[in-house]
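Peer 1: Build me a model:
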Amino acid sequence: MDDEWLARLRHFHDQAFPDHQQTFQTLVSEGQHPTTLFIGCSDSRLVPYLLTGTGPGELFLVRNVGAFVPPWDGACGGPLAGYHGTAAAIEFAVLSLAVRRIIVCGHSHCGGIRALYTGVPPEARNLHQWLDLGRAA
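Peer 2: The predicted structure follows:
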């Protein structure tokens with residue numbers, strides 16, 4: 001790990017963590033109880049905690065390219081093949097954490113949506129398949 005990232009981790013440990021230590025300890029001892037599932041794009045400019053004014057333990061996060069939610073294919077008894085991660089997170093949030101709301105957050109200037117229109121390198125097979133989810137829209 002390079003020095004910049006180590007410095008950032010040390011800063012968190014020394015400066016930010018002490019202010020939130022009790023919150024983290026409570027989340028460990030009592031478990032997480034988020035009320036909201038936030039599905040957002042992986043884009044580095046999208047910062048869910050800043051957008052929503054929330055803190056540790058308040059959001060259950062799912063992030064992926066384009067903030068896509070794969071369709072359910074009841075005939076197969078589950079989500080379409082290859083898209084289990086997002087579906088599993090949704091099931092966990094709803095069935096295990098009993099979230100009360102689900103937010104799907106799109107954003108402007110999304111690189112994933114741009115790639116849907118402009119294409120991706122041929123070797124990006126997983127990304128190409130993932131972007132197929134948005135082609136009908």
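
Peer 1: Where in the chain is the helix or strand with the lowest mean pLDDT?
Peer 2: Among the helices and strands of the chain, strand 78-79 carries the lowest confidence by mean pLDDT, DSSP states H and E, at a mean of 52.

Peer 1: Which strands or helices does the following helix or strand past that strand pack on?
Peer 2: The first helix or strand that comes after strand 78-79 along the chain, using DSSP states H and E, is helix 84-91. If you count contacts as 3 or more Cβ pairs under 8 Å, 6 or more residues apart in numbering; DSSP states H and E, helix 84-91 packs onto strand 36-41, strand 59-64, strand 78-79. For the C-beta atoms, the positions are set from N, CA and C on the backbone; glycine is no exception.

Peer 1: Buried residues in helix 84-91, which are they?
Peer 2: Taking 16 or more other Cβ atoms under 10 Å as the basis for neighbour counts, the residues of helix 84-91 that come out buried are Thr86, Ala87, Ala89, Ile90.

Peer 1: now the helices for the protein?
Peer 2: Along the chain, counting by DSSP state H, helices occupy 3-11, 17-30, 48-52, 84-91, 111-118, 125-135.

Peer 1: Ok, which of those comes nearest Thr36?
Peer 2: For those, the distance to Thr36 is smallest for helix 48-52, at 7.8 Å, taking Cβ to Cβ.

Peer 1: Now tell me what touches the closest one from outside.
Peer 2: Contacts with helix 48-52, where a contact means Cβ atoms under 8 Å, 6 or more residues apart in numbering, come from Thr36, Phe38, Gly40, Thr54, Gly55, Glu58, Leu59, Leu61, Cys105.

Peer 1: what sits against the residue nearest to Thr36 when sequence neighbours are not counted?
Peer 2: Of all residues not flanking Thr36 in the chain, Arg101 sits nearest, at 5.0 Å (Cβ to Cβ, 6 or more residues apart in numbering). Residues in contact with Arg101, defined by Cβ under 8 Å, 6+ apart, are Thr35, Thr36, Leu37.

Peer 1: Report the separation between the closest residue to the last one other than its chain neighbours and Asp43.
Peer 2: Meaning Leu37. Distances taken as Cβ to Cβ, 6+ apart put Ala93 closest to Leu37, at 4.0 Å, once the chain neighbours are dropped. From Ala93 over to Asp43 the distance is 21 Å, taken as Cβ to Cβ, to the nearest Å.
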